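Undergrad: Okay, sequence plus prediction incoming.
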Amino acid sequence: MSVLPRRWRLPYLALLVVVALLLSASALEGYRLSGGKRLWEPFLWEFSSIGVTGLLVLGLHALVGRLSGMPWQRQLAVHALALPAFSLLHIAGMFGLRLLVYRLVGVAYHPDAVTSLLVFEGGKDAVSYISFCFISRGVWLAQAARARVQELERARRELAEERLARLADQVQPHFLFNTLNLISSVMYEDVPRADRLLCQLADLLRQTLAAQQRVEHTVREELALVQPFLALMQARFGPERLVVQIDAGDAALGCRLPALLLLAPVENAVKHDVARHRGRVTVEVCAHAVGGRLVLTVSNHGDTPVPAAPPDAEGGLGLRNLRERLAARYGAAASVAFGPEGAGMRLRVELPCAC
């Protein structure tokens, strides 16, 4: 990977120019007070120093990154060799640029003696080198921390997706086995009717398999699965025993939700009420968008009291599955309420309405 990503090259160059201008402005005042006549000289001095330093800092940053993870003794040994090289390259590059410019403009230039330059510039370079090492180390640590956070988020996202896929896979076997049990109860009494139910079941299973591949879809698509299922149950029990009511607002139809979310609750409504009733039972499915939230309700109530014990307050496997899927997908942003309502039961699901 490049030491300086493309998106940071222009800001880095701008930073060097700003620093060089600030130092040049400061040096210019001293230069004028000392009687200097060529006002461009302080700018040449500072820009040549900052320009060479800017290039060397990139190499130093790469070196600090390569040394990360090595024993500290080895790092110190490498830096002990790199610091003099940094200073020599800085001095050679800086004064090389100055000599070139002075020659191009035809002005004599007489820098200090080499020993003086090495002592004076070397001391400043040592301070700069150590400072840049600490800054570079902080940058590498910040990048590593950000990479760890991104990797952790990716792992969490993949884990959540895997969990959602596992929970979605539980829906189909649960639904399939219960539906086959219902069909088996009529296959010896009315073979054509059982055959018709099996064909309807096959069509419904093909749709659910396609839905599982999408992970999530719209309320409109979810109801397109619920309606055939309820039609299948009406064929099983008869329209005189099972009354179906579906009410969905236009705004809610475009909201997205996990695929196959409503099949299990609707199945529970049939299993826990219609199958145990002798009279007529109404199963109602509603979907409405309220204030940016999607509100789904599945309720069932009969004309006569249920003769057996009331269903599990937690809603059984299907609703436990629903709660886990919503918690994995939305966290605290989704809520589930399930309990008795009049002569039946009512499930209310609320989640963000994302289109």
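TA: Perfect, thanks for sending it.
Undergrad: From here on, just use CA atoms for contacts and neighbour counts.
TA: OK.
Undergrad: Tally up the residues packed near the spatially closest residue to residue 214 that is not a sequence neighbour, please.
TA: Distance criterion C-alpha to C-alpha, 6 or more residues apart in numbering; nearest residue to residue 214, sequence neighbours excluded, is residue 259 at 7.1 Å. Residue 259 has 22 neighbours, counted by other C-alpha atoms under 10 Å.
Undergrad: for residue 287, same thing?
TA: Count around residue 287 with other C-alpha under 10 Å applied: 25.
Undergrad: quick one, what contacts it?
TA: Neighbouring residues of residue 287 by C-alpha atoms under 8 Å, 6 or more residues apart in numbering: 219, 247-249, 252-253, 294-297.
Undergrad: Apply 7 Å and report the result again.
TA: 247-249, 252, 295-297 (C-alpha atoms under 7 Å, 6 or more residues apart in numbering).
Undergrad: Could you dump those into TSV and include pLDDT and secondary structure?
TA: Output for those, formatted as TSV (pLDDT from 0 to 100; DSSP: H, G, I helix; E, B strand; the rest coil):
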residue	pLDDT	secondary structure
247	95	strand
248	94	strand
249	93	coil
252	94	helix
295	96	strand
296	96	strand
297	95	strand
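Undergrad: got the phi/psi numbers for residue 260?
TA: Residue 260 has phi and psi values of phi 60, psi 30 when expressed as degrees, to the nearest 10.
Undergrad: Not counting residues beside it along the chain, what's closest to it?
TA: residue 222 (6.5 Å).
Undergrad: Pull out the buried positions in stretch 71-91.
TA: 75, 79, 83-84, 86-88, 90-91 (16 or more other C-alpha atoms under 10 Å).
Undergrad: quick one on the thing from earlier: name the member of the contacts of residue 287 with the most neighbours.
TA: Among these, residue 252 has the most neighbours (other C-alpha under 10 Å), with 24 neighbours.
Undergrad: domains in this protein, as residue ranges please.
TA: What automatic domain parsing lists as the domains of the chain is 6-152, 185-352.
Undergrad: Let me know which of those is tucked in deepest.
TA: Ranked by mean neighbour count under mean count of other C-alpha atoms under 10 Å, those are led by domain 185-352, which reaches a mean of 17.
Undergrad: Quick one: end-to-end length of that domain, please.
TA: Criterion C-alpha to C-alpha, to the nearest Å; first-to-last residue distance in domain 185-352 is 40 Å.
Undergrad: What ranges does the stretch 101-250 of the chain have for its strands?
TA: With DSSP state E, counting those that start in this stretch, the ranges of strands along the stretch 101-250 of the chain come out as 216-218, 242-248.
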